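Asks: fold the stuff below for me.
(2 chains)
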Protein chains: 2
Amino acid sequence: MNAQEYSRPVDLKNIQITDTFWKNEMELVRTNVIPYQWDTLNDRVEGAAPSYCMRNFKIAGKMMAEKKVKGASYEEPQYTFRGFEALPEDPDNLEDKFYGFVFQDSDFAKWIEAVGYSLTQHPDAELEKIADEAIDIVCAAQHENGYLDTYYIINGMDKIFTNLRDHHELYCFGHLAEGAIAYYEATGKDKLLKAVERYAMFIDSYFGSKPGKCKGYPGHEIAEMALFRLYEATGNDIYLKLGEFFIDERGKRPYYWDNEHAPIGKKEDLRYHYHQAHVPVREQDEAVGHAVRAVYLYSGMADMARIKKDEALYRACEKLWDSITKEKMYITGGIGGTHIGEAFSYPYDLPNDTAYAETCASIGLVFFARRMLEIRPNSKYADVMELALHNGILSGMALDGKSFFYVNPLQVVPESCKKDERKFHVKPVRQKWFGCACCPPNLARLISSIGSYAFTEKKDTLFVHLYMGANVKMDVNGKEVNVVLDSQFPWNGKVSAKIKAEEALEMTIAFRIPGWCKKFSAPSIEGKKTSMKDGYLYVRGIFRPEEEIALNFPMEIRVMAANGRVREDAGKVALMRGPVVYCMEEADNGKNLQDFYLEAEKGFLQCKSKEFGNEVIVIEGRAKKKKYNEADTELYHEYKTPQFEKCKVKFIPYYTWANRGEGEMQVFVPVDVRG
Amino acid sequence: MNAQEYSRPVDLKNIQITDTFWKNEMELVRTNVIPYQWDTLNDRVEGAAPSYCMRNFKIAGKMMAEKKVKGASYEEPQYTFRGFEALPEDPDNLEDKFYGFVFQDSDFAKWIEAVGYSLTQHPDAELEKIADEAIDIVCAAQHENGYLDTYYIINGMDKIFTNLRDHHELYCFGHLAEGAIAYYEATGKDKLLKAVERYAMFIDSYFGSKPGKCKGYPGHEIAEMALFRLYEATGNDIYLKLGEFFIDERGKRPYYWDNEHAPIGKKEDLRYHYHQAHVPVREQDEAVGHAVRAVYLYSGMADMARIKKDEALYRACEKLWDSITKEKMYITGGIGGTHIGEAFSYPYDLPNDTAYAETCASIGLVFFARRMLEIRPNSKYADVMELALHNGILSGMALDGKSFFYVNPLQVVPESCKKDERKFHVKPVRQKWFGCACCPPNLARLISSIGSYAFTEKKDTLFVHLYMGANVKMDVNGKEVNVVLDSQFPWNGKVSAKIKAEEALEMTIAFRIPGWCKKFSAPSIEGKKTSMKDGYLYVRGIFRPEEEIALNFPMEIRVMAANGRVREDAGKVALMRGPVVYCMEEADNGKNLQDFYLEAEKGFLQCKSKEFGNEVIVIEGRAKKKKYNEADTELYHEYKTPQFEKCKVKFIPYYTWANRGEGEMQVFVPVDVRG
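Replies: Got it, this is the predicted structure:
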């Protein structure tokens, strides 16, 4: 491993986010999401279904304590299948059993990961104490052989790893590893990390290419990228090899899962598409199946391609990247066109109203993008990262941080969400929490670590992928330098980077030139060598202390159209400004949004608005709205040249939608088509 | 019962269809569908899944013969649940068990009904012999107590009528009764009718309002209308009362089915909506649930309203009629907006591409319409009947009578039907037959009896609801009169009615004035009293032998728009001419039909075409088609004023679609919207 060959994320402890926009989101996570999440883990939220997460750890811990006392006389429970979600028969009188989803352990893992990141930005002794105690509980549940998944510890260890396809053990491991590393890196405390390493060693003893070892791999990916991260955090290449094994084994024939489960006939192939296990990963060239699983796998593949300098794997990653971003991504950075399997649909099938576009899937896309950036800085990755972050991801959380979307549609008619079973997955207002609570904690861990997506470093070069106010500390040839970034993104394109150092030093700052910016200017770059490569402006030279580089990326309102193959968007346009996608809401424009025809060529007004708390920019455009004859109640009638009334239409940032109650919303708006 | 109070269908034996258009369809049914159906009933169609229908009757017959021989020593089988569709473990080595769907007996019933109707139009000794032999087999299966459903006779009589909600016994009874009556009325042979009457008496002994009797009712309606028909065919009012009981009991609280099945929680109500059993029928004012079941129920309700002069029930029928035709019907006469439950969606939710619009549901709508016409002749009913027949029903059968649609979408992109699970119910080409074979036999029985939908009579009045060439024999005050109707519908609006009688006589002919006709003319009505009422032109007077009345309903091409609340059709139009709805197909217009914008105001050309066998009228219009820059491969790009190329577009009758291979199709076409 040579840190100098590839750019790597700047250590979060070396970044302080000062940005108005992102700091606000991080504070929502710190003050709302993380405490709320802790309460749910402990079944203390009134009205919410219990998670049973910490309870399961405590019960497993009690059993393990008993095992230690009894030794050989301890009787392991015999495995009983308790369902994908095990609910108690009598919720008021719980037995010492496992309750909740088979992957419920991961609730803790995601929480401790977010806590770790948050502590780097906002030290909090009280929170750290709570976390330490929680870690004690979790570590006490670990089996003496290193195994650490309460579903099987409580239900019967005799069946561990026998349902890899559906039972999420390796998924829970992956999350736990990510959480342990984050907490260790933030606090230096390694208790959980050590437990995870023991668990990883146990997994390694079970799986692998050597004869007699299990040839299985995760049904829900994440262990792969977690193992690579564990390798890079510890230097132990056992984890690297185990991650490689999982990546390489995937999709080989005969299918490993055919041993676990009776083959399910003709649809077998389709089923394995769902898990991205239909062919070996290097042969995959279309993003298919469950969207979250897919991008988690691709993230692991990108890690491995970087670490192993595996060009074939990198090429597969590139193909999959293109498949997503050129054929299967919403304009919001949402992915997953169909709720059936929470999955990618076929190319260009991007329905607005039945979209899945799960918050977690866009988060996974950001993971994938950052890893591709590490290998080869190219603005195409960072552009998508920025797009997903400001739209399909932030839309997942209410402006007060208290409610969440799992699904992020591009068009909503509340009536249809309630009355049309095909749209039951689409909610017109955010929900407090979910039984299957993946999106809120995933948002928490991403937002808390936003700095590691914004900035990577390689030797004496700082890459600025995302613009946000931050102090970034680097070591440039043994000298400490602080780069103070200032930005008013996403509302204003002016950015600057000021050098804080003891003395002048030579370094490079590589600024991404956003794809949405037609013409940028660099009002103050003096005496530096500049060059453009793959969408980055490399500024190299000797920087004086306090020297400031300023750039300007003018943000214009852009009227966007989808590729003609996206049938759902034929004759429609969407508005963007900088990285922000806009939408129309009923609250501003009334009902029947389908009747507005945007006069896209008549120009737009933009103005600042405080109606969503922090200042945002809203857009006003002109449209004509179809007029109805009130007497015209026939279901079908003879067409008459429609009458229109001129009107103004208001667009708000997509991520702010559904914060003013329930109503219609649309991103793509019909446009007048006469040529 | 007073036949003179309401108009009643003219006896099929008194009608000879001579019409070019309909005779062709009837011949397809006679020469293709009926023989094919007989082969499927007997599992003789290679490549098709066996029906097991006649086989089940034979096995039941064998058991009943044994029972007769053994008497009291015969051991009835103990009931075993065999699944909703029971398939043999080894198809090459069948046991004497019931196979197929629980409702498989109805395959025979629908066949014998179509055979009966067909024999009235085309006597066929060979077919009659086959039918008689089949009836012998079916009657031999009847239990000595009168019960006649092979699923339970073979599987165990101890559980009859214990799963009314799902097990279709009363549905099979209803079809069997309809078949028996049709065959009796056509041939005078009453063997099957007598068997059905015995079965009806057995059902009457089991169900009813008296204490101790079962208070259940059919899960899939049809027994109601069958019982009313049985009453009118035989005069036995036990059948009338039983039908009334089923109608009146439906939807009462507590729900009868809650005794059969564990209540299924919150969704209970929704579940009973599916069966139209959520509230008593007189309180129902919105068409909900499984569309076929719904219109079968409403047909029975209309029968009862007429027979019992039940105004409250008639009003409920009117409300349900309005609910369907004003809020929930496709322009093709298709009903059922969602495939989830093959059901009505909420008002104005009429998606084109995911439509269900089952052929059988439109057929049921025709049943309902004819029954409403019997009560009060009003062209609104006949207009819908005509619409459904020429579009959403005929589209169900290929032009060669050899393949069928279950689902009749208004927009198809073949790729999406194959790759998008949400559209798996939509087929881009017709299928040979279906395991659940309801639509082809339903088409057969409707088309074979088309005359009874076209003509009803009341005292000395003949109602002409549908225009078609036919000889209709009536008794007018004891004198026989033949009304010879001539028509070139649906392509030309000229029609005539010529009187053939021994001498002049006074009578009325009531002609429906089609809703689509803006201005009709009556070039030859001399010396008659004419009056308009509810869309019918009543022509009364003394008719001389050979006197001819001619009417003309000019057929113009009409550009139709949907109500503004139908979001799916916003900014789109559809073409109609007379009762025929048109569509665009890929075969004529190339791919990407969404890119055409119809210049609706530039007029249309119509011309005769023989490309679909018999002559039809096709339409040519002008459109502009969006031009793409081939280099423009970005998924999203900045909108530019689109470039268009002028082109011609061709429209073909909707019912002829998908007869030239697989391709895109659309009924609603985007139209230029600038006001």
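Asks: distance check, residue A:542 against residue A:464.
Replies: As judged by Cβ to Cβ, to the nearest Å, residue A:542 and residue A:464 stand 19 Å apart. Yep, even glycine has a C-beta here, placed from its N, CA and C like the rest.
Asks: the residue of the stretch 401-550 of chain A found nearest chain B - how many residues pack around it?
Replies: Scanning the stretch 401-550 of chain A for proximity to chain B using Cβ to the nearest Cβ identifies residue A:419 as nearest, at 3.9 Å. Around residue A:419 there are 15 other residues, counting by other Cβ atoms under 10 Å in any protein chain shown.
Asks: leaving out sequence neighbours, find the closest residue to it.
Replies: In this structure, residue A:419 finds its nearest non-sequential neighbour in residue B:346, 3.9 Å apart by Cβ to Cβ, 6 or more residues apart in numbering or on different chains.
Asks: wasn't the one you found part of a strand?
Replies: No. Counting by DSSP: H, G, I helix; E, B strand; the rest coil, residue B:346 is not found in a strand; it is coil.
Asks: ok, now which ones touch residue A:223?
Replies: Residues in contact with residue A:223 (Cβ atoms under 8 Å, 6 or more residues apart in numbering or on different chains) are A:170-171, A:173-174, A:177, A:243, A:246, A:300.
Asks: out of these, which is most surrounded?
Replies: Neighbour-wise, the contacts of residue A:223 (other Cβ under 10 Å) top out at residue A:300, 30 neighbours.
Asks: count of neighbours near residue A:437?
Replies: Residues lying near residue A:437 (other Cβ under 10 Å) number 24.
Asks: surely it touches residue A:106?
Replies: No. Between residue A:437 and residue A:106 there is no contact under Cβ atoms under 8 Å: 9.2 Å.
Asks: for the closest residue to residue A:406 other than its chain neighbours, give its distance to residue A:330.
Replies: Distances taken as Cβ to Cβ, 6+ apart put residue A:439 closest to residue A:406, at 5.1 Å, once the chain neighbours are dropped. From residue A:439 across to residue A:330, the span is 16 Å (Cβ to Cβ).
Asks: still on that earlier bit, out of residue A:542 and residue A:464, which sits in the busier spot?
Replies: Using other Cβ under 10 Å as the criterion, residue A:542 and residue A:464 rank with residue A:464 on top: 24 against 11.
Asks: spit out the contact partners of the closest residue to chain B within the stretch 251-400 of chain A.
Replies: Using Cβ to the nearest Cβ, the closest approach of the stretch 251-400 of chain A to chain B is made by residue A:346 at 3.9 Å. Neighbour list for residue A:346: B:415-416, B:419-420 [criterion: Cβ under 8 Å, 6+ apart].
Asks: where do the helices sit along the stretch 451-600 of chain A?
Replies: With DSSP state H, counting those that start in this stretch as the criterion, the stretch 451-600 of chain A has helices at A:451-454, A:586-589.
Asks: again with the stretch 201-350 of chain A
Replies: Using DSSP H, counting those that start in this stretch, the helices assigned to the stretch 201-350 of chain A run over residues A:223-234, A:237-249, A:257-260, A:268-274, A:291-307, A:311-327.
Asks: ok, the fifth one near chain B or not?
Replies: No. Interface with chain B: helix A:291-307 contributes nothing (Cβ under 8 Å from any Cβ of the partner chain), its closest point being 14.7 Å away.
Asks: and that helix, what does it pack against?
Replies: Applying 3 or more Cβ pairs under 8 Å, 6 or more residues apart in numbering or on different chains; DSSP states H and E, we find helix A:291-307 packed against helix A:223-234, helix A:237-249, helix A:311-327, helix A:359-375.
Asks: so what's residue A:327 up against?
Replies: Residue A:327 sits next to A:347-348, B:635 when contact means Cβ under 8 Å, 6+ apart.
Asks: okay, those residues in a markdown table with neighbour count and pLDDT next?
Replies: Listed next are the contacts of residue A:327 as a markdown table, based on neighbours: other Cβ atoms under 10 Å in any protein chain shown; pLDDT from 0 to 100:
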| residue | neighbour count | pLDDT |
| --- | --- | --- |
| A:347 | 19 | 96 |
| A:348 | 19 | 96 |
| B:635 | 19 | 95 |
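Asks: going by distance to residue B:51, which of those residues wins?
Replies: Distance to residue B:51 across the contacts of residue A:327 (Cβ to Cβ) is lowest for residue A:347, with 39.9 Å.
Asks: could I get the phi/psi values of the closest one?
Replies: Main-chain dihedrals, residue A:347, degrees, to the nearest 10: phi -50, psi 140.
Asks: my guess is it meets residue A:565, correct?
Replies: Yes. Residue A:347 is in contact with residue A:565 according to Cβ under 8 Å; the separation is 7.5 Å.
Asks: tell me the most buried of the helices and strands packed on helix A:291-307?
Replies: helix A:359-375 (a mean of 26; mean count of other Cβ atoms under 10 Å in any protein chain shown).
Asks: summarise which helices and strands that one is packed against.
Replies: Contact here means 3+ Cβ pairs under 8 Å, 6+ apart; on that basis helix A:359-375 packs against strand A:8-9, helix A:291-307, helix A:311-327, helix A:379-388, helix A:439-448, helix A:451-454, strand A:455-458.
Asks: give me the angle between that helix and helix A:291-307.
Replies: Going by axes from the mean of the first three to the mean of the last three Cα atoms, to 10 degrees, helix A:359-375 is angled at 10 degrees with respect to helix A:291-307.
Asks: re earlier: now the helices and strands packed on helix A:359-375 as CSV including mean pLDDT?
Replies: Listed next are the helices and strands packed on helix A:359-375 as CSV, based on pLDDT from 0 to 100:
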stretch, mean pLDDT
strand A:8-9, 96
helix A:291-307, 98
helix A:311-327, 97
helix A:379-388, 98
helix A:439-448, 93
helix A:451-454, 98
strand A:455-458, 97
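Asks: any low-confidence regions in the stretch 101-250 of chain A?
Replies: Scanning the stretch 101-250 of chain A for pLDDT under 70 picks out no residues.
Asks: now do the same contact list for the closest residue in space to residue A:228 that isn't next to it in sequence.
Replies: Setting aside the residues directly before and after it, residue A:228 is nearest to residue A:303 in space (Cβ to Cβ, 6+ apart), at 4.0 Å. Contacts for residue A:303 (Cβ under 8 Å, 6+ apart) come out as A:224-225, A:228-229, A:243, A:371.
Asks: follow-up on the earlier one: what about the contacts of residue A:346, which are in helices?
Replies: Mapping those onto helices (DSSP state H) picks out B:415-416, B:419.
Asks: got those residues as a markdown table, with pLDDT columns?
Replies: As requested, the ones in helices among the contacts of residue A:346 are exported to a markdown table (pLDDT from 0 to 100):
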| residue | pLDDT |
| --- | --- |
| B:415 | 91 |
| B:416 | 88 |
| B:419 | 85 |
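Asks: which stretches of the stretch 1-150 of chain A form helices?
Replies: A:20-28, A:34-41, A:53-70, A:105-121, A:125-140, A:150-155.
Asks: looking at the helices of the stretch 451-600 of chain A, which one is packed in the most?
Replies: helix A:451-454 (a mean of 24).
Asks: tell me the residues of the stretch 301-450 of chain A that contact chain B?
Replies: For the stretch 301-450 of chain A, the residues in contact with chain B (Cβ under 8 Å from any Cβ) are A:325-327, A:329, A:331, A:338, A:340-341, A:345-346, A:349, A:354, A:413, A:415-416, A:419-422.
Asks: list only those of those residues flagged as buried.
Replies: Among these, those scoring as buried are A:325, A:327, A:329, A:331, A:338, A:340-341, A:345-346, A:349, A:354, A:413, A:415-416, A:420, A:422 (criterion: 16 or more other Cβ atoms under 10 Å in any protein chain shown).
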